[in-house]
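Asks: Fold the following for me, if possible:
(3 chains)
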Amino acid sequence: MDTEKKVFQKRGVDYPIIDGTRTLPGKYYHSREIYDEEVEKIFYKFWMFACRAEELPQVGDFKLIQVEDESLILVRDKSNNINAHFNVCRHRGTQLCTEASGSYKSKNIQCPYHAWTYDLDGKLISAPMMQEGHGFQKDQCNLHKANVHVWEGFVFINLDTDPIPFEEQMEALIGKFSNWKMDQLKIAHHIRYELKCNWKLILQNYQECYHCPGVHPLLTELTPVQSAQHDSSKGAVIGGFMDLTKERGSMTMNGEAAAPPVCDVSGEDLQRIYYYSVFPNLLLTPHPDFVLFHHITPLGPGKITNDCYWLFRPEIINDPNAQAGIKSAVDFWDLTNRQDWQVCEQMQIGTKSKRFTRGYYSGREDILHQLDMEVLKALGHEEES
Amino acid sequence: MDTEKKVFQKRGVDYPIIDGTRTLPGKYYHSREIYDEEVEKIFYKFWMFACRAEELPQVGDFKLIQVEDESLILVRDKSNNINAHFNVCRHRGTQLCTEASGSYKSKNIQCPYHAWTYDLDGKLISAPMMQEGHGFQKDQCNLHKANVHVWEGFVFINLDTDPIPFEEQMEALIGKFSNWKMDQLKIAHHIRYELKCNWKLILQNYQECYHCPGVHPLLTELTPVQSAQHDSSKGAVIGGFMDLTKERGSMTMNGEAAAPPVCDVSGEDLQRIYYYSVFPNLLLTPHPDFVLFHHITPLGPGKITNDCYWLFRPEIINDPNAQAGIKSAVDFWDLTNRQDWQVCEQMQIGTKSKRFTRGYYSGREDILHQLDMEVLKALGHEEES
Amino acid sequence: MDTEKKVFQKRGVDYPIIDGTRTLPGKYYHSREIYDEEVEKIFYKFWMFACRAEELPQVGDFKLIQVEDESLILVRDKSNNINAHFNVCRHRGTQLCTEASGSYKSKNIQCPYHAWTYDLDGKLISAPMMQEGHGFQKDQCNLHKANVHVWEGFVFINLDTDPIPFEEQMEALIGKFSNWKMDQLKIAHHIRYELKCNWKLILQNYQECYHCPGVHPLLTELTPVQSAQHDSSKGAVIGGFMDLTKERGSMTMNGEAAAPPVCDVSGEDLQRIYYYSVFPNLLLTPHPDFVLFHHITPLGPGKITNDCYWLFRPEIINDPNAQAGIKSAVDFWDLTNRQDWQVCEQMQIGTKSKRFTRGYYSGREDILHQLDMEVLKALGHEEES
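Replies: Numbers count the residues shown, from 1 in each chain, chains lettered A, B, ... in the order given. The predicted structure is shown next:
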């Protein structure tokens, strides 16, 4: 490719950009082979967002999380730790749990087939009629576990047997949003979207506002496209912000704040909407008055679920007078989400054409090239860059 | 195969036939690999019927046409030409249009994602915020086009970058039906059928009347099987005719003409029904009083849509007293179509058996062998013949 | 694997077992490649149960049987023999019959496409307009047949062109249940289940009662787990029995016999429920008072239909006072079936995990290892054992 390296300086962070960059080839959105590589080298290797800690408030509470073929039982144990057990009995492989969420009243996990029973922390405590011997050793048959790390109320899991340190992958995130005290926030609303597009198209859509004037007229009125700046681009965490036009405004149907500022948010942050993509499956959007996030679950090259959550302070959620504000924030983002999903799904279809080779990035989309590089690096496909 | 070449003489045209011919092996109806080869070597190489010119009467009118993974926007431009644009934005590959048909009121084509805008003839006229430079050159980013040729109101497209001349592929067709003045006819009726069979089984079914006595008792009464003759077999265009039993009859529920003869149709043509398969996706059936055609769209080895159209002179379509005649023609062919689809779908299922190797053609089906040869030639599989 | 061969002696039959045995690897339940091998080396090679002879009482009666891609017409001919014809016309491969069952009133089989006509025993008797010659010889175009063997009213078919003798595959079965005179029994009830699991999981589930205490509380009350014994393990036929707690009881909702003993059943058999898996697709369960059987039809690595039938003596079926007993037997097994299907479907999902390598068999599941060995032997995969 005919390119020239230089340093991007016109916004809030310096990073090398490449003039005349092109998009990924279409196969990265459609090939089953490349998707299978992504499963092995990204979804099974990176720290992935799983759920909010508040979804498992009591000992025994569980929620199932699907990562491609793997089902995991996230469950709070008696030591108050959150575990992520592979949902697979060690006896003959039966799926232990089929409910999406619930609570183990008995405080243990029993296989419905032959009644092998495990502690909430995965220890095999009963295997009827099994004799220890050549093949079977009871203490070798605890549930397989994924790694778990809780950061500010966000539970991340890592399916690798030798995971990279959480702090290494998430360096740019740690400490960044301390003022929001996000571990104290609660889910006020949740919408699940089923989309027919590749997971990467959602991340790309999230990282540029070149499309905003045409796709999001209301968003563009509240936060002008020209205000978009990037302030982080460390590996898996790419972020930036946009400025609110209206003083003490927010992203709501009428542009007014949905609630008072969150916890210790102050200064410039009162006028900014942050957009942080936490590669590969979390989009984190702190507002002055609430926090929005998207949880992406890939289901094949051309299919995802996208779960969108609105976090508010608990006293706001419980305040009858605050409900109109929450609703206005929900309505604004549901409208904006649907506008985005439409063009992402159209891009999924169009890029299947053999006439589509590689598209062109504008200067407004330079950060997407960096995102593409992260994908290619993770896959070991640097030769495609 | 134990065969003997000779020249077929007993009907209206001489062509070499082979005694003891066998059908294609079953994999030609079921293999995904062979279907993928057909896409590359036939659907993306041959002239394919797309739509009738009358479906795009005004400047800006469009219709989407699907050829396997490729979506094309057929649109009439300001010079009154019909264009076939790949439905793919040159920026990042977004599908430009999702409506099946309609009209570009603005007289240009705008991508819904980042608002790149093209003339009706595909020229990129606006790409906001793009800087020309190393990678991007505006005049290199017009829409990709397929080739278009309009013949007697039938719009054909060719997706090859270096297409064979239309006249070469269609030699046997040109001038053949001038008396019908088909460019003046209009669509009186349209039925879409969704079928579970390979596209070639429909062409084979269309080219022999060996099946008529059992499958089509009414058709056989109106046009005796023995009257079937072939009068063309030039490559992609294979045709013949059958004689009407009843003077001034036609293919209708009561065998009476549905309308006065079309335009200049006269002489022997007043007593004949022509059956022309225009390989690979158009079946053209001129009657004395109307024209029937089928448009086949393959959707995989075992799936097609088959769109059936009835063309009449506009003054007939607009004449209240002529509606019963039109309805009788529609009913006759809808009945006959459904009889054919049933056996084609059963042949699709049966040929999947491992015990089916290659079937036997009767003398009444010799032209099917020629059709098979055209397929094998196009695929470069002559060794299978 | 760390194993030690010894002879199993604690139940009714001696056979070598292996200490510390492990289950098959997960791919045997999920891989399309292994499933395709099973089709070729098991379903197309072994004798497979097809239907009951009573389902074809009259000359001309037919029933379609599907074995993977092959459809077979089981039909009673004029000599009163049951034939199994491949449902494929010898002309061009059209499927001859689409109805699930019925009767050929004309006493011959006619292709709906070009009217080729065959005797009930498959002989081509009419091929209109075909000229014998180089390629076509009428007496070479009879319908392809599968082999048929009727044993005690059970019709088995074998699709191999050179099948192993029926008696060799079924040695352990022949003479075993003579007292039931099963050829005189009739179908009192039939339920079809559509299941999302591999066919082998159903056989494994059927061959062990380790799961009974947790999964089947009622069954465990009627027949204690400790009573389970194996009394046959000859290749494809693996069987055993359990003792009824209640004298003259049976497997019904209240544990009472559903009917008087079947025919000549006497002695110990009056207190036993036999469980015989007739590899690969029949589960045969003689009770003192009726016979239950399951007919498994694999439809891919993770999908089957399972047809469950209840056989009673005809005079019981026709006795109004006996209906409550029949219903109680049906209800008991429908309940028990659904309990089993649930855990089999959960095992199908769980074994897809990459963390599932091979599970552990308990001493109560040793016969499952033998079943696995039969599969591996049939596939030529002994190296996996």
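Asks: hey, let's count contacts and neighbours off CA atoms from now on
Replies: OK.
Asks: for chain C, what are the nearby residues on chain A?
Replies: Proximity of chain A to chain C (Cα under 8 Å from any Cα of the partner chain) is limited to residues A:69-71, A:86-96, A:98, A:112-115, A:129-131, A:133-136, A:144.
Asks: which of these are buried?
Replies: Buried members of the residues of chain A next to chain C, scored by 16 or more other Cα atoms under 10 Å in any protein chain shown, are A:70-71, A:86-96, A:112-115, A:130-131, A:135-136, A:144.
Asks: Which ones, among these, also lie beside chain B?
Replies: Applying Cα under 8 Å from any Cα to these, none is adjacent to chain B.
Asks: Okay, and which of the residues you listed map to helices?
Replies: Among those, none falls in helices (DSSP state H).
Asks: Please name the bridge partners of the residue positioned nearest the centre of chain A.
Replies: What sits nearest the mean C-alpha location of chain A, by Cα atoms, centre = their mean, is A:Leu282, with 1.6 Å. A:Leu282 forms beta bridges with A:Val278, A:His295, as assigned by DSSP bridges.
Asks: Quick one: the strands in the stretch 51-200 of chain A, in order.
Replies: Here the stretch 51-200 of chain A has its strands, by DSSP state E, counting those that start in this stretch, at A:61-67, A:70-76, A:82-86, A:101-103, A:108-110, A:117-119, A:124-126, A:145-151, A:154-158, A:186-195.
Asks: Can you list the low-confidence ranges for chain A?
Replies: A:1-19, A:134 (pLDDT under 70).
Asks: just checking, A:Phe241 touches A:Val225?
Replies: No. Using Cα atoms under 8 Å, A:Phe241 makes no contact with A:Val225, being 10.5 Å away.
Asks: which parts of the stretch 201-350 of chain A sit against chain B?
Replies: So the stretch 201-350 of chain A meets chain B at A:Tyr210, A:His211, A:Cys212, A:Gly214, A:Val215, A:Val343, A:Cys344, A:Gln346, A:Met347, A:Gln348, A:Ile349, A:Gly350 (Cα under 8 Å from any Cα).
Asks: Dump the residues you listed to JSON lines, plus secondary structure and neighbour count.
Replies: Below are those laid out as JSON lines (DSSP: H, G, I helix; E, B strand; the rest coil; neighbours: other Cα atoms under 10 Å in any protein chain shown):
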{"residue": "A:Tyr210", "secondary structure": "coil", "neighbour count": "21"}
{"residue": "A:His211", "secondary structure": "coil", "neighbour count": "19"}
{"residue": "A:Cys212", "secondary structure": "helix", "neighbour count": "23"}
{"residue": "A:Gly214", "secondary structure": "helix", "neighbour count": "15"}
{"residue": "A:Val215", "secondary structure": "helix", "neighbour count": "21"}
{"residue": "A:Val343", "secondary structure": "helix", "neighbour count": "24"}
{"residue": "A:Cys344", "secondary structure": "helix", "neighbour count": "25"}
{"residue": "A:Gln346", "secondary structure": "helix", "neighbour count": "22"}
{"residue": "A:Met347", "secondary structure": "helix", "neighbour count": "24"}
{"residue": "A:Gln348", "secondary structure": "helix", "neighbour count": "23"}
{"residue": "A:Ile349", "secondary structure": "helix", "neighbour count": "25"}
{"residue": "A:Gly350", "secondary structure": "helix", "neighbour count": "27"}
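Asks: Next, format the residues you listed as JSON lines and append distance to C:Leu64.
Replies: Listed next are those as JSON lines, based on distance: Cα to Cα, whole Å:
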{"residue": "A:Tyr210", "distance to C:Leu64": "61"}
{"residue": "A:His211", "distance to C:Leu64": "58"}
{"residue": "A:Cys212", "distance to C:Leu64": "60"}
{"residue": "A:Gly214", "distance to C:Leu64": "59"}
{"residue": "A:Val215", "distance to C:Leu64": "56"}
{"residue": "A:Val343", "distance to C:Leu64": "49"}
{"residue": "A:Cys344", "distance to C:Leu64": "47"}
{"residue": "A:Gln346", "distance to C:Leu64": "45"}
{"residue": "A:Met347", "distance to C:Leu64": "46"}
{"residue": "A:Gln348", "distance to C:Leu64": "43"}
{"residue": "A:Ile349", "distance to C:Leu64": "41"}
{"residue": "A:Gly350", "distance to C:Leu64": "44"}
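Asks: re earlier: export the strands of the stretch 51-200 of chain A as a markdown table, with columns for distance to C:Lys200.
Replies: A markdown table is the format used below for the strands of the stretch 51-200 of chain A (distance: least, Cα to Cα, whole Å):
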| stretch | distance to C:Lys200 |
| --- | --- |
| strand A:61-67 | 26 |
| strand A:70-76 | 22 |
| strand A:82-86 | 24 |
| strand A:101-103 | 30 |
| strand A:108-110 | 24 |
| strand A:117-119 | 25 |
| strand A:124-126 | 27 |
| strand A:145-151 | 28 |
| strand A:154-158 | 33 |
| strand A:186-195 | 34 |
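Asks: Which one of these lies nearest to C:Asn337?
Replies: strand A:108-110 (21.1 Å; Cα to Cα).
Asks: Tell me which of A:Phe241 and A:Val225 has more neighbours.
Replies: Using other Cα atoms under 10 Å in any protein chain shown as the criterion, A:Phe241 and A:Val225 rank with A:Phe241 on top: 23 against 19.
Asks: what helix or strand is the nearest residue in space to the more buried one that is not next to it in sequence on?
Replies: Of all residues not flanking A:Phe241 in the chain, A:Tyr274 sits nearest, at 4.2 Å (Cα to Cα, 6 or more residues apart in numbering or on different chains). If you go by DSSP states H and E, A:Tyr274 is part of strand A:272-278.
Asks: Run the chain-centre distance for that strand.
Replies: 12 Å (Cα atoms, centre = their mean, to the nearest Å).
Asks: helices and strands around that strand, which ones?
Replies: When contacts are defined as 3 or more Cα pairs under 8 Å, 6 or more residues apart in numbering or on different chains; DSSP states H and E, strand A:272-278 packs onto helix A:199-206, strand A:237-243, strand A:282-286.
Asks: As PDB, could you dump the C-alpha coordinates of the shortest one?
Replies: What it means is strand A:282-286. Extracted as PDB, the C-alpha positions of strand A:282-286 are listed here (Å, rounded to 0.1, in the frame of the first residue of the first chain):
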ATOM      1  CA  LEU A 282     -17.000  -3.800  25.800                       C
ATOM      2  CA  LEU A 283     -17.900  -0.300  24.800                       C
ATOM      3  CA  LEU A 284     -17.800   2.000  27.800                       C
ATOM      4  CA  THR A 285     -19.500   5.500  27.600                       C
ATOM      5  CA  PRO A 286     -19.300   7.500  30.800                       C
END
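Asks: who's in contact with A:Glu194?
Replies: By Cα atoms under 8 Å, 6 or more residues apart in numbering or on different chains, the contact set of A:Glu194 is A:Lys303, A:Ile304, A:Thr305, A:Asn306.
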